[in-house]
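Asker: from the sequence below, what's the structure:
(one chain, ligands or ions: 1)
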Amino acid sequence: MNLCVLGAQWGDEGKGKIVDLLTPHFSVVARYQGGHNAGHTVYTGGRKMVLHLIPSGILHPGVTCLIGNGVVVDPRALFSEVDDLVPLGVDITGRLLVSDRAHLILPYHRELDVLAEARRGERKIGTTPRGIGPAYEDKIGRRGVRVGDLADLSPQGPLANAVRENVAARNRLVGDSVMRWQQVVEELAEHWIRLRPLVVDSSLYLANAIREGRRVMFEGAQGTLLDIDHGTYPFVTSSNATAGGAATGLGIGPKAIGTVLGVAKAYTTRVGEGPLPTELTDERGERLRESGQEYGASTGRPRRCGWFDAVAVRYAVRVNGLDALAITKLDVLDDLDTLEICTAYRCAGQTLTEMPGDTTQFAACTPVYETLSGWGRPTRGITQFADLPAEARQYIRRLEDVSGAPAAIISTGSDRDHTILRDDSIVRRAAVALGQ
Ligand code: GDP
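Answerer: Predicted structure coming up:
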């Protein structure tokens, strides 16, 4: 049974830890969208590792990690990450694969990202200026450069032609410097030496793996509410972070996906701009940020924090067809006297129980809260649901009711072992019972 793990909120839900925890039960971990703007923080044996582009499955010997066609790859970022892993004893030989159809992020994409964000002024999106948006623009605009194109670097070949035209467009836009297309191609030639052994047809690779009975985990980056189609547009990422993205971003049929697990924090955070109805802009938000260490893994930016938004998570359950939730960071709420759960929105005198598609309307929504008692004692490291304080159990049960999906996994700390695996059918169906 294959499993898709994705973010059910605005990203940073703790997917890294959940993927890492489940990886021993899979042979292949495949990333299907995004770029090196994602940041998975994984703690293993007290060691902190941040992975941006490479699936965190790489930390498990014997697991193959695949970067799918739906991902945009900056070769500099990829090899800098590889080089950081080697001194930690992580051997990537034969275990890291990159789709021949993945699009490349090139130096001009990074520059255009910075320019575009500056031009937006007040209406900025809050992107990480790493060229991801412009690389996806070139992909959709049918002028992108794909990994497989690197096989022909001749000056009159299709890659050189595309780079020449794209660099000329860049030079028309950027007034204070001139980029040489030849230099971009030369740099690509160097990267190709290292990249070539990693390149596969990801669709074919996965079809064969699945036929041979190898189990695959599909790993999403960012989160549902940042999906280009289903998120809070335009304050979104440039790809499909939702479950459908696994099919298009890897070249598999939707039926190959199997079980879908959504990762959600026990509260809500968001980085960057855009509406966030349950945001706490007062001292309570500050407390959540401090106790949850809510600072971006990729950028260090402070995250906006607020109460659990069950309307948003219910929406994620629907658009992804979530079978279950993994609720993370329960321990961050330990000190609170009371907790709020947003069960609906008030907007223009109406009560909405579903996420509105119109972002302006969404921005005008205020939350309708339900108040629950806090538990006032530590839950950090608890591994059995029955050992949680009664109020914490009540909180989780209420999150399940209002979100519409069972909490198959509850995370009570950043370490792998700080995890409750509920004995429910979803965990069994995904065959991830970790031998318990
Ligand atoms: P991701 O991109 O979804 O993996 O999220 P990040 O890695 O940006 O943020 C998750 C952070 O929360 C990491 O530092 C994790 O180690 C940490 N974390 C994950 N689960 C828990 C938990 O249950 N409790 C606490 N206190 N920290 C957690």
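Asker: what does the stretch 301-436 of the chain put close to the ligand?
Answerer: Contact residues, the stretch 301-436 of the chain versus the ligand (Cβ under 6 Å from any ligand atom): 328-329, 331-332, 411-414. In short, each C-beta sits where N, CA and C put it, glycine included.
Asker: in this protein, mark out all the helices, start to finish.
Answerer: 15-22, 75-85, 107-120, 132-140, 158-173, 181-195, 202-211, 244-248, 283-291, 310-320, 359-363, 390-403, 425-429 (DSSP state H).
Asker: in a markdown table, list those along with mean neighbour count and mean pLDDT.
Answerer: Shown next, in a markdown table, are the helices of the chain (neighbours: other Cβ atoms under 10 Å; pLDDT from 0 to 100):
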| stretch | mean neighbour count | mean pLDDT |
| --- | --- | --- |
| helix 15-22 | 26 | 89 |
| helix 75-85 | 17 | 93 |
| helix 107-120 | 18 | 82 |
| helix 132-140 | 22 | 95 |
| helix 158-173 | 16 | 94 |
| helix 181-195 | 15 | 96 |
| helix 202-211 | 17 | 97 |
| helix 244-248 | 22 | 98 |
| helix 283-291 | 16 | 95 |
| helix 310-320 | 23 | 98 |
| helix 359-363 | 16 | 94 |
| helix 390-403 | 18 | 98 |
| helix 425-429 | 16 | 53 |
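Asker: dump those to a markdown table, plus distance to residue 236.
Answerer: Converted to a markdown table, the helices of the chain look like this (distance: least, Cβ to Cβ, whole Å):
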| stretch | distance to residue 236 |
| --- | --- |
| helix 15-22 | 17 |
| helix 75-85 | 21 |
| helix 107-120 | 14 |
| helix 132-140 | 10 |
| helix 158-173 | 23 |
| helix 181-195 | 28 |
| helix 202-211 | 24 |
| helix 244-248 | 13 |
| helix 283-291 | 23 |
| helix 310-320 | 13 |
| helix 359-363 | 9 |
| helix 390-403 | 21 |
| helix 425-429 | 28 |
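Asker: could you tell me how many residues sit around the closest residue to the ligand within the stretch 51-200 of the chain?
Answerer: Across the stretch 51-200 of the chain, the shortest distance to the ligand (Cβ to the nearest ligand atom) belongs to residue 56, at 7.8 Å. Neighbour count of residue 56, defined by other Cβ atoms under 10 Å: 26.
Asker: got it, and residue 23?
Answerer: 24.
Asker: could you do residue 414 as well?
Answerer: Residue 414: 18 neighbours (other Cβ under 10 Å).
Asker: am I right that it is in contact with residue 17?
Answerer: Yes: with contact defined as Cβ atoms under 8 Å, residue 414 reaches residue 17; the gap is 6.5 Å.
Asker: give the contact list for residue 192.
Answerer: 150-151, 153 (Cβ atoms under 8 Å, 6 or more residues apart in numbering).
Asker: residue 277 and the ligand, how far apart?
Answerer: 21 Å (Cβ to the nearest ligand atom, to the nearest Å).
Asker: what's around that residue, how many residues?
Answerer: Around residue 277 there are 22 other residues, counting by other Cβ under 10 Å.
Asker: residue 308 is in contact with that one, correct?
Answerer: No: between residue 277 and residue 308 there is no contact under Cβ under 8 Å: 11.4 Å.
Asker: which residues do those two both contact?
Answerer: residue 342.
Asker: pLDDT weak spots in the stretch 201-350 of the chain?
Answerer: 297-298 (pLDDT under 70).
Asker: do that again at 90, thanks
Answerer: 272-273, 296-301 (pLDDT under 90).
Asker: in it, which spans are strands?
Answerer: Under the criterion DSSP state E, counting those that start in this stretch, the stretch 201-350 of the chain contains strands at 216-219, 259-265, 268-270, 304-306, 308-309, 324-328, 338-347, 350-352.
Asker: kindly reformat these as a markdown table containing mean neighbour count and distance to residue 377.
Answerer: Compiled in a markdown table, the strands of the stretch 201-350 of the chain are given as follows (neighbours: other Cβ atoms under 10 Å; distance: least, Cβ to Cβ, whole Å):
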| stretch | mean neighbour count | distance to residue 377 |
| --- | --- | --- |
| strand 216-219 | 28 | 34 |
| strand 259-265 | 27 | 20 |
| strand 268-270 | 26 | 23 |
| strand 304-306 | 23 | 22 |
| strand 308-309 | 28 | 20 |
| strand 324-328 | 26 | 18 |
| strand 338-347 | 19 | 14 |
| strand 350-352 | 12 | 35 |
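Asker: got those as JSON lines, with distance to residue 29 columns?
Answerer: As requested, the strands of the stretch 201-350 of the chain are arranged in JSON lines below (distance: least, Cβ to Cβ, whole Å):
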{"stretch": "strand 216-219", "distance to residue 29": "5"}
{"stretch": "strand 259-265", "distance to residue 29": "13"}
{"stretch": "strand 268-270", "distance to residue 29": "24"}
{"stretch": "strand 304-306", "distance to residue 29": "29"}
{"stretch": "strand 308-309", "distance to residue 29": "28"}
{"stretch": "strand 324-328", "distance to residue 29": "16"}
{"stretch": "strand 338-347", "distance to residue 29": "32"}
{"stretch": "strand 350-352", "distance to residue 29": "37"}
